[in-house]
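Student: sharing a model that was predicted from the sequence below.
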Amino acid sequence: MTTLYPGYIKTAINEQVKNAPFRVDAKTGCKAMVKAIESGRAECFVPGWPWTAVGFLLRRLPVSVLAKMF
């Protein structure tokens, strides 16, 4: 079983979203998801860059710092 943490993948449901950093098209997003599932890892960020780095930081930054960012 693989838990996917998807970033912004452009689809019809979210094409009106203007602030979607690092958005990828659906084809790229789907390929990344298949690759992630086939890797056998328990958790994967899709697409890997930059979301793996973002996830790493979010898990380690203090809540007080995150509150100021968002």
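Tutor: Thanks, I have it. Please read all numbers here as calculations on a predicted model, not as lab measurements.

Student: use CA for all of it now, contacts and neighbours both
Tutor: Fine.

Student: neighbours of residue 36, how many?
Tutor: Neighbours of residue 36 under the rule other C-alpha atoms under 10 Å: 21.

Student: now it, nearest residue through space, not along the chain?
Tutor: Once flanking residues are discounted, residue 36 sits nearest to residue 44: 6.1 Å by C-alpha to C-alpha, 6 or more residues apart in numbering.

Student: partner residues bridging the one you found?
Tutor: Under DSSP bridges, the beta-bridge partners of residue 44 are residue 4.

Student: and it, what is it in contact with?
Tutor: By C-alpha atoms under 8 Å, 6 or more residues apart in numbering, the residues touching residue 44 are 2, 3, 4, 5, 36, 52.

Student: spatially nearest residue to the fourth one (excluding sequence neighbours)?
Tutor: I take that to be residue 5. residue 45 is the one closest to residue 5 (C-alpha to C-alpha, 6+ apart), at 4.6 Å.

Student: wait, the one you found sits on residue 4?
Tutor: Yes. Contact criterion C-alpha atoms under 8 Å: residue 45 and residue 4 qualify, at 5.9 Å.

Student: residues in contact with the residue nearest to residue 23 when sequence neighbours are not counted?
Tutor: In space, and not counting its chain neighbours, residue 23 is closest to residue 8: 4.6 Å by C-alpha to C-alpha, 6+ apart. Residue 8 sits next to 20, 21, 22, 23, 24 when contact means C-alpha under 8 Å, 6+ apart.

Student: which one of those residues has the most neighbours?
Tutor: residue 24 (17 neighbours).

Student: next, it: phi, psi?
Tutor: Per-residue torsions, residue 24: phi -120, psi 160 (degrees, to the nearest 10).
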